[in-house]
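Enquirer: here is my input, please return the structure:
(one chain, ligands or ions: 1)
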Amino acid sequence: MNAINFSGKNVLVVGGSSGIGNGIARVFRDHGATVFVCGTRASAADYKSDEDGSDFTGMTYFQWDVSDDTTVENLTPPFASLDVLVLSQGLVMYKRAEFQMPNFRHVLDVNLMSVMSCCMKFHDMLVATKGSVVIVGSSASFYSVFGNPAYSASKGALVTLTKTLAEAWAPEGIRVNGIAPGLVATKITKVTWDHPRRYEESLKEIPLHRWGTPEEMGGVTLFLASSLSAYVTGQMILVDGGKGLA
Ligand SMILES: NC(=O)c1ccc[n+]([C@@H]2O[C@H](COP(=O)([O-])OP(=O)(O)OC[C@H]3O[C@@H](n4cnc5c(N)ncnc54)[C@H](OP(=O)(O)O)[C@@H]3O)[C@@H](O)[C@H]2O)c1
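Expert: Reported below is the predicted structural model:
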């Protein structure tokens, strides 16, 4: 049996409309999965002009703003069963905006609270399939981020949320793991990759001396959702080109 053949499996990537989430969705699609992606805009066509090359071919897109518990609870998903839930939604606010309480709270709502509400939303479906959850944390789950207290606090909390859900749901056959990306060129990191000096500086901190790609995040996510990692749960794996080593 091919452990990374996801034919017949339903995969939902929340935040699959762009960047890392879309890369993860493409990798699952290319390994046979039936892939569902969602984002905040009305339709997939609304992402066509974005620079990050999102591709929805062969996937089903639906609009779902997860920042609000009620919207999460009220969704009627376009599938009846779910094997893999990937949570790649996230945002960051620059120019010290996260030091203002309404902004701090909003970032936590999207980056942390919605991860829990989405996990609860699909818990019963995941029990039925003995499925798995992959949470997208960040290298910021382990280190401070200068000027971004909400982003780093939300991502730090995902490490212990991953461990706690993994422990709670192991008896039901659900595995819960995470990936912690380093730097990947997407909408939220444009301030660095689109700025030559900042970009060159960032490379000095990465032993592999390059940024990661959305597909590389997808590869580790695929591994964590596959039977190759059947004995792994509660782990948040750094996928950062060695950035955290020094
Ligand atoms: N890029 C990096 O270097 C990096 C590093 C570490 C961790 N991460 C994490 O990777 C994940 C994906 O980020 P990215 O870099 O790929 O940035 P991105 O391209 O901006 O993707 C963020 C995704 O989250 C969705 N989202 C934001 N707010 C939402 C809401 N209220 N409801 C539903 N969906 C919402 C976005 O939907 P829309 O497209 O509709 O806005 C988009 O699909 C995030 O959790 C981020 O923290 C990224």
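
Enquirer: just for this protein, where's the confidence low?
Expert: The model of the chain has pLDDT under 70 over residues 1, 50-52.

Enquirer: I'd like to know which elements the longest helix along it is packed against.
Expert: Criterion DSSP state H: the longest helix present in the chain is helix 149-169. Under the contact definition 3 or more Cβ pairs under 8 Å, 6 or more residues apart in numbering; DSSP states H and E, helix 149-169 sits against helix 101-108, helix 114-121, helix 123-129, strand 132-136, strand 175-181, strand 236-239. Any C-beta I mention is one placed from the backbone N, CA and C, and that applies to glycine too.

Enquirer: now the third one: buried residues?
Expert: Going back to what we said before, that points to helix 123-129. If you call a residue buried by 16 or more other Cβ atoms under 10 Å, then helix 123-129 has these buried ones: His123, Met125, Leu126.

Enquirer: so which of the helices and strands packed on helix 149-169 is the most packed in?
Expert: Neighbour counts (mean count of other Cβ atoms under 10 Å) averaged over each of those peak at strand 132-136, with a mean of 28.

Enquirer: quick revisit: put the alpha carbons of the longest helix of the chain into CSV.
Expert: What follows is helix 149-169, C-alpha atoms only, in CSV (Å, rounded to 0.1, in the frame of the first residue of the first chain):
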residue,chain,number,x,y,z
PRO,A,149,3.1,40.3,20.5
ALA,A,150,-0.3,38.9,19.3
TYR,A,151,1.2,36.9,16.4
SER,A,152,3.9,35.3,18.7
ALA,A,153,1.4,34.7,21.6
SER,A,154,-1.1,33.1,19.3
LYS,A,155,1.5,30.9,17.6
GLY,A,156,3.1,29.9,20.9
ALA,A,157,-0.3,28.8,22.2
LEU,A,158,-0.8,26.5,19.2
VAL,A,159,2.1,24.3,20.5
THR,A,160,0.3,23.5,23.7
LEU,A,161,-3.1,23.4,22.0
THR,A,162,-1.7,20.8,19.6
LYS,A,163,-0.3,18.7,22.5
THR,A,164,-3.5,19.0,24.6
LEU,A,165,-5.9,18.0,21.7
ALA,A,166,-3.5,15.2,20.7
GLU,A,167,-3.7,13.8,24.2
ALA,A,168,-7.5,14.2,24.5
TRP,A,169,-8.4,12.8,21.1
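
Enquirer: contacts only, for the spatially most central residue of the chain.
Expert: For the chain, the residue nearest the mean C-alpha position is Ser88 (2.1 Å; Cα atoms, centre = their mean). Listed by Cβ atoms under 8 Å, 6 or more residues apart in numbering, the contact partners of Ser88 are Val13, Val14, Gly15, Gly16, Gly19, Ile20, Gly21, Ile24, Val136.

Enquirer: out of those, which sit inside strands?
Expert: Val13, Val14, Val136 (DSSP state E).
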